[in-house]
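Trainee: this is a predicted model, with the sequence first.
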Amino acid sequence: MGDTDESSSQIGGRVEAIQYPIFGACQCGKVTYELLAPPTMVVACHCKECQKLSTSAFSITAMVEASNLVFKGEMQFWSRPADSGNRSDAMFCPSCGNRIYHVNPDEPDKIKLKPSNLSDTRLIQPTAHVWLSEKQAWFQVPDGVMQFDKQP
Ligand SMILES: [Zn+2]
Ligand SMILES: [Zn+2]
């Protein structure tokens, strides 16, 4: 504890005493995973695709090094070209359909975790909001976060 736990507060300095690993599971529980270390960044995306994906006003993505995740259980994926021209493979549980993560197959080390199915969701507080040009009108961006009209 103490000095060894320094990384726990690195997300915007607002999250305290999160203990790793954190367990995650899809809605039906057939896909599980462990997050071994804090994400490098947590981003809220307000684009129309993410509104569909999240069935909500925006999606939240935690950027995580692949070596800091251990997945269990069978996943399927579908691919779509991202606006950047990169491909995005969307991994999901074939039983309940819950989205687990996205990854560009050309950058397999960078996992874009869909973190709402973690057992400790304190870390999913976004430090950046992107695609605000497509956000729902009622949503007020909180103070103290990075803001981008489109993809930075
Ligand atoms: Zn499932
Ligand atoms: Zn998006």
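Mentor: Alright, I've got the coordinates. Ligands and ions are numbered 1, 2, ... in the order given.
Trainee: what is the burial count for Ala17?
Mentor: As a burial measure, the neighbour count of Ala17 was computed by other Cβ atoms under 10 Å and equals 9. Any C-beta I mention is one placed from the backbone N, CA and C, and that applies to glycine too.
Trainee: also Ser133?
Mentor: Around Ser133 there are 10 other residues, counting by other Cβ under 10 Å.
Trainee: who touches it in this structure?
Mentor: Under the criterion of Cβ atoms under 8 Å, 6 or more residues apart in numbering, the contact partners of Ser133 comprise Asp149, Lys150.
Trainee: can you tell me the SS state at it?
Mentor: Classification of Ser133 using DSSP: H, G, I helix; E, B strand; the rest coil returns helix.
Trainee: and the pLDDT at it?
Mentor: In this prediction, Ser133 carries a pLDDT score of 97.
Trainee: give me the most central residue, the chain.
Mentor: Relative to the mean C-alpha position of the chain, the nearest C-alpha, by Cα atoms, centre = their mean, is the one of Thr61, at 2.2 Å.
Trainee: quick one, what contacts it?
Mentor: Contact criterion Cβ under 8 Å, 6+ apart gives Val42, Val43, Ala44, Cys45, His102, Lys112, Leu113, Lys114, Pro115 as the residues in contact with Thr61.
Trainee: so which residues on this structure come close to ligand 2?
Mentor: Counting by Cβ under 5 Å from the ion, the chain comes close to ligand 2 at Cys45, Cys47, Cys50.
Trainee: ranking those by neighbours, who comes first?
Mentor: Ranked by neighbour count (other Cβ under 10 Å), the residues of the chain next to ligand 2 have Cys45 at the top, with 24 neighbours.
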